[in-house]
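In: coordinates only, sequence not included:
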């Protein structure tokens, strides 16, 4: 029964989180956006103390339920492992293996150092929620959108507007390669060994393992009833059941409850940790308590707490054809001295410190402005670029969906007055000067009135007009850059600000 409840909840959470990355209409986020905000690392970076404390309390009560129910990467591995187990003679394919402490704690140490040092790319590479987000947004979302476009095609033939087409494009080749590589590695590990990634590499799993050692309700293997059939050990995808010594490594147990249904002799069941009449069975599972063992457990608990506190304190500081007659050349990305981060990020430094590169804002952006960076220093972190659209002043979608606090919630009024960059005019690309014709597209569409058209020759009022930018009024929305007809580079582009300001 417990296993069925766990599986049901895991499927619900997995589908909900996946839907966030597939949805391009914005409707699902309004209902299920909270499933991203309760992920451990995003909640920690956003300083959502209630969520972090709640997850720790949940772990102290029932063990690593977060890993088996809430974490989408963990559930994804369970799905792969379950499919692998459906093969003949592969149902009982696991075996107990000792904890690889140097690898677990070594990766965790590197992870914490990277967080403190602000190496966001390394943090994003190991964070479980972010890893799954990149897989969903780069591999699953295109397939979903192609399916939607196919339905839109058939609906259009039937004169129905129930579906509408959406563009599918590669937003970042390096991020796509990393997502595909992660996808393959996870499938191989889960297909062969179940939860290897969770118990050797995942930093969140290692942090929660400090607390799961002291969980109040846990599966217990009773020596008196055990027949040493090894079924529980061979079914345990966490490789944490030592049936020979009747011990369970609770630091690696992900509370999947598979062993409860597997045991045919009722030797494994959930038990309150301090239940008196089962004290003998528990004593036989665990090694004799000694002062050294108590000190080791205390040190592990304090170490896990220190990791959380330290991290928290540090983080607190196109249409292709013109009328069917001429092919429109694609725009190229200008060489920006400073990358552009969304309104609500406050500054490039704040954004880099809190962003986990989960790509949820990239998936949710309705204007195709956000995309993963290809720059090595900011690899996978979202940045803004205006070749396919511009940042509409009335849109706050990215700030609404960000679970890590990298993009703080912002109102439409606040966004319209926040300067994230300023426009720069490139004289050699401007059509009035290169072709001798009037344009004024940038000034005509500027939402903040920061661009004026003036005569190119101050002594001749009838000369072609060129744009002049008032940097104090410009908010860096990119409307001018996107709508500039010059190709392949716009005659006006936006330079980002490292620190945002308000007009």
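Out: That came through, no problem. Quick caveat: nothing in here was measured; it's all calculated off a predicted structure. Numbers count the residues shown, from 1 in each chain.
In: Please determine how far the nearest residue to residue 263 once chain neighbours are set aside is located from residue 268.
Out: Leaving out its chain neighbours, the residue that sits closest to residue 263 by C-beta to C-beta, 6 or more residues apart in numbering is residue 232, at 5.4 Å. Where C-beta positions appear, they are placed from N, C-alpha and C, glycine not excepted. Using C-beta to C-beta, to the nearest Å, residue 232 is found at 6 Å from residue 268.
In: Need the overlap of contacts for these two.
Out: Counting by C-beta atoms under 8 Å, 6 or more residues apart in numbering, the shared contacts of residue 232 and residue 268 are 221, 259, 262.
In: What's the per-residue pLDDT of residue 193 here?
Out: Predicted confidence (pLDDT) for residue 193: 90.
In: Make sure residue 481 is actually in contact with residue 422.
Out: No. With contact defined as C-beta atoms under 8 Å, residue 481 does not count as touching residue 422 (11.4 Å).
In: list residues touching both of the two?
Out: Common neighbours of residue 481 and residue 422 are listed as residue 494 (criterion: C-beta under 8 Å, 6+ apart).
In: Give me the more crowded residue out of the two.
Out: It is residue 481, of residue 481 and residue 422, that has more neighbours when counted by other C-beta atoms under 10 Å, with 25 against 18.
In: ok but that one is inside a helix, no?
Out: Yes. Counting by DSSP: H, G, I helix; E, B strand; the rest coil, residue 481 falls inside a helix.
In: contacting residues for it?
Out: Residues counted as contacts of residue 481 (C-beta under 8 Å, 6+ apart) are 334, 386, 390, 423, 490, 492, 493, 494.
In: If we use 10 Å, what do you get?
Out: When contacts are counted by C-beta atoms under 10 Å, 6 or more residues apart in numbering, residue 481 touches 331, 334, 385-387, 390, 421, 423-424, 442, 489-494.
In: hmm, back to that, of the shared contacts of residue 232 and residue 268, closest to residue 248?
Out: residue 221 (5.9 Å; C-beta to C-beta).
In: Grab the longest strand from this structure for me.
Out: Assignment by DSSP state E gives strand 492-502 as the longest strand of the chain.
In: could you say what helices and strands it packs with?
Out: Here strand 492-502 touches helix 348-354, strand 382-384, strand 418-425, helix 441-445, helix 479-483, going by 3 or more C-beta pairs under 10 Å, 6 or more residues apart in numbering; DSSP states H and E.
In: any idea how far the closest residue to residue 201 other than its chain neighbours is from residue 42?
Out: Closest residue to residue 201 in three dimensions, ignoring its sequence neighbours and counting by C-beta to C-beta, 6+ apart: residue 107, at 5.5 Å. Using C-beta to C-beta, one obtains 19 Å as the distance from residue 107 to residue 42.
In: just residue 18 next, same as before
Out: Relative to residue 42, residue 18 is positioned 16 Å away (C-beta to C-beta).
In: Those two: which is more packed in?
Out: Higher neighbour count among residue 18 and residue 42: residue 42, with 26 against 21, using other C-beta under 10 Å.
In: Would you confirm that residue 208 contacts residue 251?
Out: Yes. Using C-beta atoms under 10 Å, residue 208 is in contact with residue 251, at 8.9 Å.
In: Determine which residue lies closest to the centroid of the chain.
Out: When C-alpha atoms, centre = their mean is applied to the chain, the residue found nearest the centroid is residue 358 (2.0 Å).
In: Now do the same for it: its pLDDT.
Out: What the model reports as pLDDT for residue 358 is 94.
In: thinking again about what came up before, name the member of the contacts of residue 481 with the most neighbours.
Out: Busiest of these [other C-beta under 10 Å] is residue 494, holding 29 neighbours.
In: Roughly how far does the residue nearest to it when sequence neighbours are not counted sit from residue 220?
Out: Using C-beta to C-beta, 6+ apart and skipping the chain neighbours, the partner closest in space to residue 494 is residue 421 (4.4 Å). Taking C-beta to C-beta as the measure, residue 421 and residue 220 are separated by 59 Å.
In: As a check, name the ranges of all strands in the stretch 351-500 of the chain.
Out: With DSSP state E, counting those that start in this stretch as the criterion, the stretch 351-500 of the chain has strands at 370-372, 382-384, 418-425, 451-455, 465-469, 492-502.
In: So for residue 59, which of those sits nearest?
Out: With C-beta to C-beta, the closest approach to residue 59 among the strands of the stretch 351-500 of the chain belongs to strand 382-384: 30.3 Å.
In: Quick one: the strands of the stretch 351-500 of the chain as CSV, columns for mean pLDDT and distance to residue 64 too.
Out: Conversion of the strands of the stretch 351-500 of the chain to CSV gives the following (pLDDT from 0 to 100; distance: least, C-beta to C-beta, whole Å):
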stretch, mean pLDDT, distance to residue 64
strand 370-372, 95, 30
strand 382-384, 95, 30
strand 418-425, 95, 40
strand 451-455, 94, 56
strand 465-469, 95, 55
strand 492-502, 95, 39
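In: Turn these into CSV, columns for distance to residue 52.
Out: As requested, those are exported to CSV (distance: least, C-beta to C-beta, whole Å):
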stretch, distance to residue 52
strand 370-372, 27
strand 382-384, 24
strand 418-425, 29
strand 451-455, 46
strand 465-469, 44
strand 492-502, 27
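In: taking these together, which one is wrapped up most tightly?
Out: For the strands of the stretch 351-500 of the chain, ranked by mean neighbour count under the definition mean count of other C-beta atoms under 10 Å, the leader is strand 382-384 at a mean of 26.
In: thinking again about what came up before, which of the shared contacts of residue 232 and residue 268 fall within helices?
Out: 259, 262 (DSSP state H).
In: which among the shared contacts of residue 232 and residue 268 end up buried?
Out: Neighbour-count burial within the shared contacts of residue 232 and residue 268 applies to 221, 259, 262; the criterion is 16 or more other C-beta atoms under 10 Å.
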